[in-house]
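Peer 1: Have a look; sequence and predicted model below, questions after that.
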Amino acid sequence: MHNLRFRSLITFTSLWLIGRQRSSCVEEGTAIGDTKGQAWNNDWDQGNPMAAQVSAGQKSKASRHIIMVRHGHYKKSKATGDQLTDLGRRQAKLTGKRLREWNISWDQVVVSTMTRAQQTSEIILKELNFDPRSVVHTDELREGAPYLADPPSKARRQKLEESIRRDGPRIEAAFRRYFYRAPPDQERESFLLIVCHSNVIRYVILRALQLPPEAWTRLSLNHGSITWLTVHPTGYVSLRFMGDSGFMPVQQISSRCSRDSGLKPPKEIQNRG
């Protein structure tokens, strides 16, 4: 575990330095280097001891499906902590029903320890045939600032970089822990369900697809939405879909938290008349 965290810190630091270099190029008005022609790295997961080790002659035989769910709509509260709203609970129930319709036999369920993710997972698990006592609860998947964004955020640079240095290695560790090709003894495809947060999901999508991680703020995810990534035996990763919330009534779709106690349609819904 400690070796994995150390490797995550090294990887994050390397990515961070590259990201800063790219960011400075943009600020100076220089174009970011063209990524065309860069070969896909099939051995991206070899630092994970669970993955089939190519150098040792091991071969992966099955695919690993990683399905990620963003928590439901919530309300910020200093007194009671961030809690799901009635809308968020309805979203979580709809998400659980959607997952149940797929009739998947879940191998593992992993949940962020933040309250809104815990509450979402409890509602979802009532819809699924999975023992709540087998759920893994982890701080690594807690929300945070995963990486220096491009275009840069309007937030104060020093404060933002402090947040990224604090959260980035932890979120990178979560990526390295749960994203890898199947071990050689896995004979059938497996299904991992992760319930966590928008920033985490957006970052790991880009990392898994070997796309620039600084682009994470350009992606958007609705509350209760489902994202499906597949790690194939060759090490190739495909995104089946991202942020699917089409199974929800349009009036119940939201993407931002609310400080209001009453339920109001999101602005984008109000504007549709």
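Peer 2: Yes, it's here. Residues are numbered from 1 along each chain as shown.

Peer 1: Mean confidence (pLDDT) on stretch 56-66, please.
Peer 2: Taken as a whole, stretch 56-66 has a mean pLDDT of 97.

Peer 1: what about residue 190, distance to residue 61?
Peer 2: From residue 190 across to residue 61, the span is 11 Å (CB to CB, to the nearest Å). For the C-beta atoms, the positions are set from N, CA and C on the backbone; glycine is no exception.

Peer 1: intersection of neighbour lists for the two?
Peer 2: Both residue 190 and residue 61 are contacted by residue 182, under the criterion CB atoms under 8 Å, 6 or more residues apart in numbering.

Peer 1: quick one, which of the two is more surrounded?
Peer 2: Neighbours were counted for residue 190 and for residue 61 using other CB atoms under 10 Å; residue 190 has more, 18 against 15.

Peer 1: Tell me what the more buried one is bridged to.
Peer 2: Beta-bridge pairing for residue 190 (DSSP bridges): residue 64.

Peer 1: How about the one 4 residues further on?
Peer 2: The residues paired with residue 194 through beta bridges, assigned by DSSP bridges, are residue 68, residue 110.

Peer 1: neighbours around it, how many?
Peer 2: Neighbours of residue 194 using other CB under 10 Å come to 26.

Peer 1: got the contact list for it?
Peer 2: Contacts of residue 194 by CB under 8 Å, 6+ apart are 66, 67, 68, 69, 109, 110, 111, 141, 178.

Peer 1: ok, so what distance separates the fourth one from residue 129?
Peer 2: Read it as residue 69. Going from residue 69 to residue 129 by CB to CB gives 17 Å.

Peer 1: who's more crowded, these two?
Peer 2: Set residue 69 next to residue 129 and count neighbours by other CB under 10 Å: residue 69 wins out with 28 against 10.

Peer 1: What ranges does the protein have for its helices?
Peer 2: 2-27, 86-101, 115-127, 157-178, 198-208, 267-270 (DSSP state H).

Peer 1: which sections of this structure are below the confidence cut-off?
Peer 2: 1-37, 258-273 (pLDDT under 70).

Peer 1: Just give me the residue right at the centre of it.
Peer 2: Compute the mean C-alpha point of the chain, and by CA atoms, centre = their mean the closest residue is residue 201, 1.8 Å away.

Peer 1: For that residue, list the residues it contacts.
Peer 2: So residue 201 contacts 68, 70, 221, 227 (CB under 8 Å, 6+ apart).

Peer 1: Pick the one among these closest to residue 170.
Peer 2: Of all these, residue 68 has the smallest distance to residue 170: 16.6 Å, by CB to CB.

Peer 1: just the contacts of residue 194 now: which is nearest residue 160?
Peer 2: For those, the nearest to residue 160 is residue 141 (20.8 Å; CB to CB).

Peer 1: And for the closest one, the neighbour number?
Peer 2: Counted with other CB under 10 Å, residue 141 comes out at 29.

Peer 1: Distance-wise, check it relative to residue 94.
Peer 2: 22 Å.

Peer 1: swap in residue 164?
Peer 2: In terms of CB to CB, residue 164 sits 33 Å off from residue 94.

Peer 1: And for residue 50?
Peer 2: To residue 94, residue 50 is 33 Å away according to CB to CB.

Peer 1: show me what contacts the spatially closest residue to residue 232 that is not a sequence neighbour?
Peer 2: Spatial nearest neighbour of residue 232, excluding adjacent residues (CB to CB, 6 or more residues apart in numbering): residue 63 at 5.3 Å. Contacts for residue 63 (CB under 8 Å, 6+ apart) come out as 182, 189, 190, 230, 231, 232, 233.
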